[in-house]
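*Asks:* Next input, structure requested:
(chains A and B)
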Amino acid sequence: MQSTATPIRILLVEDNPADVRLTIEALKEGKIANRLDLAKDGIEALDFLHRRGPFSAALTPDLILLDLNLPKKSGLEVLAEIKADDNLKRIPVVILTTSKAEEDILSTYNLHANCFISKPVDLDQFIKVVKVIEDFWLTVVTLPRR
Amino acid sequence: MARQNLKDQNEPTATNKEGDSTLAMLVSDHEEWLMERVLLYARRQDYTRYTSTLLEAWRASIVGLSAALLQTLQRFSQPPEFGPDDDFTHDPSAAFGILEARLHRDRGVTLAMFLGLMKYYRQGYQDLAREKIEDEAARETYRLYLDRFFDRVEIGYSSEWLTASETTDLTDLQNANRSLTNEKNKYLTLFESLHSPVIMVDAKGDMENFNQQAAALFTDNPTPGGHYYRGSTSTTPPWPWLQEVLQVQSKNSSEVGLERELETHDGPRRFQIDLKQMLDISGKFTGTVVILNDVTALHTTQNKMQTLLDDLQRSNRELENFAYVASHDLQEPLRMITSYLNLLERRCGDQLAGEGREFLDFAVDGATRMRTLINDLLTYSRIGRSNSTLAATDLNEVLQQVLKNLGPAIVESGARIEIPDLPTLLANRTQMVQLFQNLLGNAIKFRDDKAPSVQVTATETGPDWIFTVSDNGIGVAPEYQERIFAIFQRLHGIKEFPGTGIGLALCRKIVEQHGGRISIESAEGAGSTFRFTIKKRPADHSGQQASTGKAPVETE
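*Replies:* Numbering: from 1, shown residues only, chains lettered A, B, ... in the order given. Now for the predicted structure:
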C-alpha cells in the first residue's frame, strides 16, 4: 500500500485543454491527494518519461492516463515505447479515449496497455470513471516500489 | 356397206381392194369388241393402274386408232413396208402416234409404258383379224398389214416422244433456271439489304462472298454488288481478324459467338460475331457463315451504366462513411459542451437565477437533443456498414424482444397487439428488432384517445415475405406519406409526439438492406398500415420449416 502521505503522481497525456481541465475537475472530486503532470503530445510524453530537455527534473509517475489521438506521436507509439523500456514498462498505462473501435482496443492490449477505457459522454459518468480509475489503480492494487 | 357375215363373204384374196375394205369394215364394226379386248389385256397386265378407268377414254383411243388404220388402208393397199428414206411426216399412222405421244407424255406416261400398252392394242386388233377372218391367206395378209400399221404408229410415237422431250427438257430447264434465278435474287436481296455484315467462308477458309454492309465496312471498294461481277472474292483470303475468329471456330463447337472490337471504315466498332457452320446433307463441313452485329452502342451504354453504378455505389459508400465519421467526430465537441454545461450547473448552479437559469436549461436541452440526433445518425449510418451479419433469424423471438423493449409503453397505453406465427428468415437480427420496434412503437405512439390496437401479418409470396403492421392510430395524410420515410422528417411538434424523425428512415434503410420495399397505406384519422417485403434467400426455407412447421397465419 502506498503511504497516503506521499502524493500520487499521475501523468496525463492529452492534447485537448477542455479534456485536461475536465479530468482535473474530476480528479478534484476524488479523495486522493495527487499531483498531476501534463504532456500535450506524444513527444512531450516521452521526453517527460525519459527526463529529456525541459523535463530533466521530472519524476516518474505512478500512473499514466494516455489518450490515443495525439499530435506528433500517437498514443499507440507512446504506449509501444513505454512497454519496450525496462525502466518504464512497470508503470500502469490506462488508455482513456473517445474511441470504441474494436481495432483500437485490440492493438492497445497487444501493446500491453493495462486497461482500455472509453470516455463516457455524460459528465457524471466521466467523473465516476475517473474515480474508479483512481480507486482501483491507486488504492486497490499494489504497485512496485518506485 | 354390208358389214356382217364376213365369213360368208367369199373373198379369197385379201390383197385386193375388196380385201382392204374387208379389214376396214371389220375394224369399224367391232369398235366395242376391240375396246373390250384391249381393256381385258390392259387389266390383266395391270396397265389400268396408270390409265383412265373410264370406258369412254378407251373407246376414244380405239376410235382414233381405227380411224388412223382406215386412213392407212386407203393410202396403202399392201402392207406398208419400210425403207431407209421413209418420211413419216405425212404418214397417217405415224401422225396418230405423234398425237398420242404428245397427249401421253403430258400425262406423265413413260415411253416404255406406252409402247408396252400399244403391244396389247396390236394384239387386240390381231385377235380380231384371226378370230373373224376364216381365209388363211387373207388372215396372214391382214396380220402383216396390222403389224406394219402398228410399227408405224410406234415409230411415229417414239420419234415424236424423243423430239418432244428434247425441246420440253430445254424449256423445263429454262423454266427451272429462271425460278432458281428468281429465288437466288430473292435471297441475294435479303443478303444485301441486311444491316449486319455477313461473310461466307468456304471449307478451306477462303472468302466466298460478303454482303454490301461487310464490303462497306471492311473493303476499300464498296461498290454495291461489285464483287458479284469481278469474281474476285472466291479466292480472297480472309481479313486478319476473320482468320483469327475462324481459328476460334476450329477449336470449338459448330456454333460460336464472340465479341471483338474491329477496325472499320467507320472507325473502331464493337461486334458480336456469330459463326455458323454450313454442313451438306451428309453432314460434311462446307463452310462458315460469319454474321456480325454491331453492339458498339449497347456496349457503350452498358459501360456507361456500369460506370454510373460504380460511381453511385462509391458515392453512397462515401456518404455513409461521411455520415458515420461526421456523427462520430461531432460527438467529441458535443461531449465538451454537455460536460461543461453540467459542470457549470454543478458548480455554479446556485449563483444562477432567473434568466441565467433559463438560458442554461435551454442550452442543456439543445445539447441533449443534439446528442440524440447524433446517436440516431450513427445508428442510421451503421446499417449500411454492417451488411455482412445475416443469420437465420426467428422473427417470433425478434417480436418477443420487441414486446419486452416496448413493455412500459404497451402497459401505459393499454395497447392490444396481435402477432401471428412468424417465419425464420436470413436477416440481421439487430436490424429486425429495430425495424419491428420502430413500427410497433410508432403504432402505439401515434394514437388518439383510443387504446392502440395493432396487428402484424406475414404472407409468403414467390420471391418475398410480405409483412404488415396495422394500427388504429392517427394515420398519415396522403401528401405526407412519402415524406415520413425521409431522415429527420417530422409531422408533429416535439411536445405533441417527441422524437427525432429517424424511425421510419431507419425502417426503410433496413428493409432496403434486406432487398425489400416499404410503403404505407393510410388516411388521416383512420389508422395506418405499413407494408414491407423481405427478400427470401435460399436459407429461409429450411429455417422456416425448422421453426414451427406451420404456415404463418394472418390474424383477423
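
*Asks:* got the residue ranges for the strands in chain A?
*Replies:* A:8-13, A:34-39, A:63-66, A:93-97, A:115-118 (DSSP state E).

*Asks:* Quickly run through the sheet partners of the first one, with directions.
*Replies:* Here strand A:8-13 is paired, per DSSP bridges, with strand A:34-39 (parallel), strand A:63-66 (parallel).

*Asks:* which of those is buried the deepest?
*Replies:* strand A:63-66 (a mean of 24; mean count of other CB atoms under 10 Å in any protein chain shown). Just so you know, the C-beta spots here come from the backbone N, C-alpha and C atoms, and that holds for glycine as well.

*Asks:* Spell out which parts of chain A neighbour chain B.
*Replies:* Neighbours of chain B within chain A, by CB under 8 Å from any CB of the partner chain: A:16, A:18, A:19, A:22, A:25, A:98, A:119, A:121, A:122, A:123, A:124, A:126.

*Asks:* Farthest pair within those?
*Replies:* A:16 and A:124 (19.8 Å; CB to CB).

*Asks:* which of those two has more neighbours?
*Replies:* residue A:16 (17 against 11; other CB atoms under 10 Å in any protein chain shown).

*Asks:* Now residue 122: phi and psi?
*Replies:* All of this refers to chain A. phi -80, psi 140 (degrees, to the nearest 10).

*Asks:* neighbours around the residue in chain A positioned nearest to chain B, how many?
*Replies:* Chain A approaches chain B most closely through residue A:123 (3.7 Å), counting by CB to the nearest CB. Neighbour count of residue A:123, defined by other CB under 10 Å: 21.

*Asks:* Likewise for residue B:508?
*Replies:* With other CB under 10 Å as criterion, residue B:508 counts 20.

*Asks:* ok so, going back, ok, for the residue of chain A closest to chain B, nearest residue in space, not its chain neighbours?
*Replies:* residue B:342 (3.7 Å; CB to CB, 6 or more residues apart in numbering or on different chains).

*Asks:* Confirm the one you found sits in a helix?
*Replies:* Yes: counting by DSSP: H, G, I helix; E, B strand; the rest coil, one finds residue B:342 located in a helix.

*Asks:* Could you tell me which residues make contact with it?
*Replies:* A:122, A:123, A:124, B:364 (CB atoms under 8 Å, 6 or more residues apart in numbering or on different chains).

*Asks:* Show me the two of those residues that sit farthest apart.
*Replies:* Maximum distance among those (CB to CB): 13.0 Å, for A:124 and B:364.

*Asks:* Low-confidence regions, chain B specifically.
*Replies:* Along chain B, the model assigns pLDDT under 70 to residues B:1-21, B:51-54, B:106-108, B:164-169, B:221-237, B:250-256, B:281, B:384-388, B:494-495, B:538-556.

*Asks:* For chain A, what's its nearest residue on it.
*Replies:* Nearest residue of chain B to chain A (CB to the nearest CB) works out as residue B:342 at 3.7 Å.

*Asks:* thinking again about what came up before, a markdown table for the strands paired with strand A:8-13, including distance to residue B:201 and mean pLDDT?
*Replies:* Formatted as a markdown table, the strands paired with strand A:8-13 follow (distance: least, CB to CB, whole Å; pLDDT from 0 to 100):
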| stretch | distance to residue B:201 | mean pLDDT |
| --- | --- | --- |
| strand A:34-39 | 82 | 88 |
| strand A:63-66 | 78 | 93 |
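
*Asks:* Output those strands as a markdown table; include the columns distance to residue A:52.
*Replies:* Below are the strands paired with strand A:8-13 laid out as a markdown table (distance: least, CB to CB, whole Å):
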| stretch | distance to residue A:52 |
| --- | --- |
| strand A:34-39 | 12 |
| strand A:63-66 | 16 |
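
*Asks:* Out of those, the one nearest residue B:308 is which?
*Replies:* strand A:63-66 (46.9 Å).

*Asks:* from the chain's centre, how far out does the closest one sit?
*Replies:* Distance, stretch centre to chain centre, for strand A:63-66: 1 Å (CA atoms, centre = their mean, to the nearest Å).

*Asks:* Stretch B:77-94 now?
*Replies:* Using CA atoms, centre = their mean, the distance from the centre of stretch B:77-94 to the centre of the chain it belongs to is 70 Å.

*Asks:* residues in contact with it?
*Replies:* With CB under 8 Å, 6+ apart as the test, stretch B:77-94 has contacts from B:15-17, B:20, B:68-69, B:71-72, B:75, B:141, B:144-145, B:147-153, B:155-156, B:159.

*Asks:* same thing with stretch A:48-67?
*Replies:* Under CB under 8 Å, 6+ apart, the answer for stretch A:48-67 is A:2, A:8-16, A:19, A:23, A:37, A:39, A:44-47, A:75, A:78-79, A:82, A:85, A:87-88, A:91-97, A:113, A:133, A:137-138, A:143, A:146.

*Asks:* mind running it again at 7 Å?
*Replies:* Stretch A:48-67 has contacts (CB atoms under 7 Å, 6 or more residues apart in numbering or on different chains) with A:8-15, A:23, A:37, A:39, A:47, A:75, A:78-79, A:82, A:88, A:91-97, A:137-138, A:143, A:146.

*Asks:* just the buried members of those residues?
*Replies:* Buried subset of these (neighbour count, 16 or more other CB atoms under 10 Å in any protein chain shown): A:8-15, A:23, A:37, A:39, A:47, A:75, A:78-79, A:82, A:88, A:91-97, A:137-138.

*Asks:* Quick check: the gap between residue A:18 and residue B:170.
*Replies:* Taking CB to CB, to the nearest Å as the measure, residue A:18 falls 114 Å from residue B:170.

*Asks:* between the two, which one's more packed in?
*Replies:* Higher neighbour count among residue A:18 and residue B:170: residue A:18, with 15 against 10, using other CB under 10 Å.

*Asks:* Who are the contact partners of the more buried one?
*Replies:* Neighbours of residue A:18 in contact, by CB under 7 Å, 6+ apart: residue B:336.

*Asks:* The closest residue to residue B:469 other than its chain neighbours is in what secondary structure piece?
*Replies:* The spatial neighbour of residue B:469 that comes closest, neighbours along the chain excluded (CB to CB, 6+ apart), is residue B:439 at 4.3 Å. Per DSSP states H and E, residue B:439 falls inside helix B:429-445.
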